[in-house]
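> Sequence and predicted structure below; questions after.
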Amino acid sequence: MSIPDLPPPNKRLGQNFLIDPNIVRKIVALAELGPSDHVLEIGPGRGILTEALCHAAGRVTAVEVDPRLHAYLKTRQAELPNADLVCADALAYSVESLPMSTVVVANLPYYISTPLLFRLLDQRGRFPRMVLMLQAEVADRLVAKPGGSDYGVLSVMAQYAAEITKSFRVSAQCFRPRPEVASAVLLLRTKECTRLSQQEEVAFRALVKAAFAHRRKTLVNSLRHEGHELHPVAETLQRLDIAPTRRAETLSVEDFLRLACALGWRGARVS
Ligand code: SAM
C-alpha cells in the first residue's frame, strides 16, 4: 500500500495537533489505564495520543471524521495493533456499540466540544471516566461554582452528571498549528446514581436552560419569559426559601434540583 502524504491541517475541523510528548504522557497518566481497559478516542488526528493509548490500554476505538487522516492512520495500523480505526462523525457514531466501562480520552475538536460533551454525559452509564482536552474557557465553565459569570447551563448539567477536576492548562505552543485559544485538560468521573429518570432529566435541563435564558433578569422573570406561569413559580420559590429576586447564576445544582422537583416534572416546560 502506498503511504498517503500527511494531509495539511484543516482548520474547519479543529485540527490543532499535539506535538508535546510530555502532555501526551500527562493525559494518559490521568486516565489510569490498564490492559483490561477499552478506550474511546474522539479525533485521533495524526495519532500521537492514539499510539500512547494503544500502549497503555487493551483496546482503543479511535473515531476520526476526516477521511484523509483516517487513511493516513490506516497505513500506521501495524504500530497501532489494538486500535479500531473508525471513519465517522463522533456526533453520529453509535457509542452504544462500545463495551460498558469504556474510558474516554480525547483532545476534542473545539468547534463541537459542547455537543460532544453533552452526548458523552447522556451516555455516562457507559463511561466511568473521561479525560478531555478542551478550550480553557469551556473548561472554566464546566468547573465554575455559583456566583460568577462562567457559571451557566453547561456548569449545572455537567456537575449534575459528573465530579469534575481541572487538571492542567496546556499552552498553545504544544500544538501545530497553534490554536488561538488556551487549552485545559479535565478529568470527569461520572456519577453512578444520578437521581432523575431520563424524562425527568429532560425536564430538568429545560428548566435550567429557561432559568439562564435571560441572565440579567431575576429567576422568576427569566422563567416567566420562557413560558412558566408566575404564580406557581413564585409560590414554589417561597416554599423553598429561594428569594424570587435571585438570579439563576446564584443557585447551586442542588437548588435547581429542588426547584425542578417542587415544580413537578411535568410543570417544568420541555422546550
Ligand atoms: N488527537 C489528535 C492530537 O491530539 O493531536 C488530534 C486532535 S484535534 C484537536 C481534533 C481532531 O478531531 C482532528 O483530527 C479532527 O479531524 C477530528 N474531528 C473533528 N470533527 C470531528 C468529528 N465530528 N468526529 C470525529 N472527529 C472529528
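Received it, and whenever you're ready, just let me know what you need.

> what about Ala71, which helix or strand?
helix 67-74 (DSSP states H and E).

> which residues sit against that helix?
Identification of contacts with helix 67-74 by CB atoms under 8 Å, 6 or more residues apart in numbering yields 3-4, 6-7, 15, 44-47, 50, 62, 64, 80, 83, 85-87. The C-beta positions use only the backbone N, C-alpha and C, and glycine is treated the same way.

> Give the next helix or strand downstream of that helix.
Per DSSP H and E, helix 67-74 leads on to strand 83-87 as the next helix or strand towards the C-terminus.

> so for the helix or strand containing Arg141, what's the average pLDDT?
According to DSSP H and E, Arg141 maps onto helix 136-143. Mean pLDDT, computed over helix 136-143, is 97.

> does any part of that helix sit near the ligand?
No - with CB under 6 Å from any ligand atom as the criterion, the ligand is not reached by helix 136-143; the gap is at least 13.0 Å.

> who does that helix touch, helix- and strand-wise?
helix 113-122, helix 153-161, strand 162-170, strand 183-190 (3 or more CB pairs under 8 Å, 6 or more residues apart in numbering; DSSP states H and E).

> quick one, whatever helix or strand comes next after the last one and helix 153-161 angle?
Note on strand 183-190: by DSSP H and E, the next helix or strand toward the C-terminus is helix 198-212. Using axes from the mean of the first three to the mean of the last three CA atoms, to 10 degrees, the direction of helix 198-212 lies 150 degrees away from that of helix 153-161.

> Which other helices and strands does helix 198-212 contact?
Packing partners of helix 198-212 (3+ CB pairs under 8 Å, 6+ apart): helix 153-161, helix 219-225, helix 253-263.

> quick one: buried residues of that helix?
Glu200, Glu201, Ala203, Phe204, Arg205, Ala206, Leu207, Val208, Lys209, Ala210, Ala211, Phe212 (16 or more other CB atoms under 10 Å).

> ok, the third one to the ligand distance?
Relative to the ligand, Ala203 is positioned 29 Å away (criterion: CB to the nearest ligand atom, to the nearest Å).

> now do the fifth one
Distance from Arg205 to the ligand, counting by CB to the nearest ligand atom: 22 Å.

> same question, the last one
To the ligand, Phe212 is 26 Å away according to CB to the nearest ligand atom.

> who's in contact with that residue?
Gly152, Val153, Ser222, Ala248, Glu249.

> And the residue lying closest to the last one once chain neighbours are set aside, how far from Ala182?
Of all residues not flanking Glu249 in the chain, Tyr151 sits nearest, at 5.1 Å (CB to CB, 6 or more residues apart in numbering). If you measure Tyr151 against Ala182 using CB to CB, to the nearest Å, the figure is 20 Å.

> Looking at those two, which is more packed in?
Set side by side, Tyr151 and Ala182 show more neighbours around Tyr151, with 23 against 14, by other CB atoms under 10 Å.

> Would you check how far apart the residue nearest the centre of the chain and Leu132 are?
Nearest residue to the geometric centre of the chain (CA atoms, centre = their mean): Leu117, 2.4 Å. Using CB to CB, Leu117 is found at 7 Å from Leu132.
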